[in-house]
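>>> would you be able to build a 3D model of this:
(chains A and B)
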There are 2 protein chains.
Amino acid sequence: MQISCFSQALKYTELKQKISEMGKDDVKLLSMWASPFCMRVKIALVEKDIAYEEILEEDLMNAKSELLLKSNPVHKQVPVLLHEDKPIVDSTNIITYIDEVWPEKPLFSSCEYEKSRARFWADYIDRKVYPAGHAVWSSKEKAEVEAAKKEFLDIMFYLDGTLGDKEFFNGDTFGFVDILLTGLTSWFPAYEKFGGFKLEDHYPKLAAWITRSWARESVSESLTIPEKITNFVAMMRKMYGIE
Amino acid sequence: MQISCFSQALKYTELKQKISEMGKDDVKLLSMWASPFCMRVKIALVEKDIAYEEILEEDLMNAKSELLLKSNPVHKQVPVLLHEDKPIVDSTNIITYIDEVWPEKPLFSSCEYEKSRARFWADYIDRKVYPAGHAVWSSKEKAEVEAAKKEFLDIMFYLDGTLGDKEFFNGDTFGFVDILLTGLTSWFPAYEKFGGFKLEDHYPKLAAWITRSWARESVSESLTIPEKITNFVAMMRKMYGIE
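Numbering: from 1, shown residues only, chains lettered A, B, ... in the order given. Now for the predicted structure:
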């Protein structure tokens, strides 16, 4: 059954009925426990009340599964969402797809201009936050760490500004931009530890947004605990001869 | 009048009527003649029959206009679309916005899975094609040029594969991925000249797609002629001491 294309001809309620008759949504997530990009997809699935089966890649560094290589032959990376066996790749793309196929509890404003703002910040986060954080923990010399820390905080400056006094980036509800950034925050305590700073000292509103987001059930269910990530980063630092 | 958010409450036909009563859509494009990212937005506007005013940045290297700095304070780059004076930035984001606000002649398939495939290739093009092309024309040493050329052609390999025997990336109609890539092809003859290769020799189907796309009125109206780009690149190569 071709759910996605099939849905063109069916109203959402009819589609839901069809799926319900099948027992459950046929959704699988190829995932890896430390990947912040996988975590954000898991948050979106829980926010949307979509039951899914998680298929963990055991050892991405040495051996990628046949299923992963077949599902994402260009990038060969997790996450991959398999919906009715059809692969959807790239976390931001997957979350957009989830919102289109399961439109209840929308992740975007219905205003096209607000949607374009959300896509702008999504792109900003995707291109900047993770690479800047990587530079923080993977730098060795003091000057290099300081430069990486400054770059990371400069990037956060704009995110703090666009959050402002709102509850969430999306306004009153936890939406697209909130989900995309929250996935990445599981790594923030590692950046703070190895960069020697506290985000809260620079951007208290952004730090409060993280606390608020982590308190959500969808997030606490989906996020690998930050301590485990920090230990993982410490191990990689040893492996790469940083300390 | 707040067109974008206003449209939530109006049906498309009613909205079109409103706009028509106003004389024309209030659409302006902040643009620069050599930018392939501006060209792709212009193609989308023409494909959608949207009248717009082009506001050219005269000298981006030395002085950006106040309007640009105010409209895109984070990236400070063209293109910016001003719709009812509200700025939308980043070309891929702008084209998605255009398709949402003016839904006639849709740029995407209505199938969510096909849409996710289009977004995947859009992201692939955005992250890879322009930087790889830049490396081709800005390399100096022979080995460096050869490596850049190989990288560029390796990237084209996947695009050629996904185009296959189809008329357009979107299938029978010229759609989202076609528009995103066509904008960039205005620079391809410069890559060929300074990289010492012909795309056609490696990927004849992709080269035929370029010829087919350039024959469209929306494209010929919007694309800066490749000779002008090639001269511009030759000037930059002299400026940077490459030749």
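
>>> confirm that A:Leu82 sits in a strand.
Yes: under DSSP: H, G, I helix; E, B strand; the rest coil, A:Leu82 falls within a strand.

>>> nearest spatial neighbour of A:Pro189, skipping sequence neighbours?
Once flanking residues are discounted, A:Pro189 sits nearest to A:Pro226: 4.2 Å by CB to CB, 6 or more residues apart in numbering or on different chains. (Glycine included, C-beta is placed from N, CA and C.)

>>> A:Ala122 and A:Leu181, how far apart?
Between A:Ala122 and A:Leu181 the computed distance is 9 Å (CB to CB, to the nearest Å).

>>> higher neighbour count, these two?
With neighbours defined as other CB atoms under 10 Å in any protein chain shown, A:Ala122 and A:Leu181 compare such that A:Leu181 has more, 25 against 20.

>>> re the thing from before, test my guess that the residue nearest to A:Pro189 contacts A:Glu192.
No: the criterion here is CB atoms under 8 Å, and A:Pro226 misses it with A:Glu192 at 9.6 Å.

>>> what about the two, which has more around it?
A:Glu192 (20 against 17).

>>> checking the more buried one next. Helix, strand or coil?
Under three-state DSSP, A:Glu192 falls in the helix class.

>>> tell me the pLDDT at it?
Looking at A:Glu192, its pLDDT reads 98.

>>> residue contacts, it?
A:Lys198, A:Leu199 (CB atoms under 8 Å, 6 or more residues apart in numbering or on different chains).

>>> number of residues surrounding A:Ala63?
A:Ala63, neighbours per other CB under 10 Å, totals 10.

>>> that one pairs with what?
A:Asp59 (DSSP bridges).

>>> from chain B, how far off is the residue nearest to A:Pro189?
According to CB to the nearest CB, to the nearest Å, A:Pro226 and chain B sit 28 Å apart.

>>> contact partners for that residue?
With the criterion set at CB under 8 Å, 6+ apart, A:Pro226 makes contact with A:Ser186, A:Trp187, A:Phe188, A:Pro189, A:Ala190.

>>> just checking, the second one touches A:Glu227?
No: with contacts counted by CB under 8 Å, A:Trp187 stays clear of A:Glu227, the gap being 11.8 Å.

>>> which helix or strand contains A:Arg119?
Using DSSP states H and E, A:Arg119 maps to helix A:112-138.

>>> so which bits of that helix are buried?
In terms of neighbour count (16 or more other CB atoms under 10 Å in any protein chain shown), helix A:112-138 has its buried residues at A:112-126, A:128-129, A:132-133, A:135-138.

>>> do the same with stretch A:55-71
Across stretch A:55-71, burial judged by 16+ other CB under 10 Å covers A:Glu57, A:Lys64, A:Ser65, A:Leu68, A:Ser71.

>>> how about stretch A:45-58?
Across stretch A:45-58, burial judged by 16+ other CB under 10 Å covers A:Leu45, A:Val46, A:Glu47, A:Lys48, A:Ile50, A:Tyr52, A:Glu57.

>>> how about a markdown table for these, with secondary structure added?
Shown next, in a markdown table, are the buried residues of stretch A:45-58 (three-state DSSP):
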| residue | secondary structure |
| --- | --- |
| A:Leu45 | helix |
| A:Val46 | helix |
| A:Glu47 | helix |
| A:Lys48 | coil |
| A:Ile50 | coil |
| A:Tyr52 | coil |
| A:Glu57 | coil |
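
>>> ok, now which ones touch the residue sitting nearest the centre point of chain A?
Most central in chain A under CA atoms, centre = their mean is A:Arg40, positioned 2.5 Å from the mean C-alpha point. Residues in contact with A:Arg40 (CB under 8 Å, 6+ apart) are A:Ser91, A:Ile95, A:Ile179, A:Leu180, A:Thr182, A:Gly183, A:Leu184.

>>> can you tell me the SS state at it?
Assigned by three-state DSSP, the conformation of A:Arg40 is helix.

>>> would you mind measuring from it to chain B?
Taking CB to the nearest CB, one finds A:Arg40 at 16 Å from chain B.

>>> do A:Tyr203 as well
16 Å.

>>> also A:Ile43?
For A:Ile43, the distance to chain B - CB to the nearest CB - is 19 Å.

>>> same check on A:Glu58?
Note on A:Glu58: its distance to chain B, by CB to the nearest CB, is 25 Å.

>>> distance of that residue from A:Ser65?
8 Å.

>>> what do you get for A:Phe232?
Counting by CB to CB - A:Phe232 and A:Ser65 are separated by 20 Å.

>>> again with A:Pro204
From A:Pro204 to A:Ser65 the distance is 43 Å (CB to CB).

>>> three-state assignment of A:Phe197?
Quick answer, by three-state DSSP: A:Phe197 is coil.

>>> what separation do you get for the residue nearest to it when sequence neighbours are not counted and A:Tyr203?
Of all residues not flanking A:Phe197 in the chain, A:Lys149 sits nearest, at 5.7 Å (CB to CB, 6+ apart). Per CB to CB, A:Lys149 is found 13 Å from A:Tyr203.

>>> now swap in A:Met239 and tell me
31 Å.

>>> which stretches of chain A have low pLDDT?
Counting by pLDDT under 70, chain A shows low-confidence ranges at A:1-25.

>>> return the residues of it in contact with chain B.
Neighbours of chain B within chain A, by CB under 8 Å from any CB of the partner chain: A:4-5, A:7-8, A:74, A:83, A:86, A:88-90, A:93-94, A:96-97, A:100-101, A:110-116, A:119-120, A:123-124, A:158.
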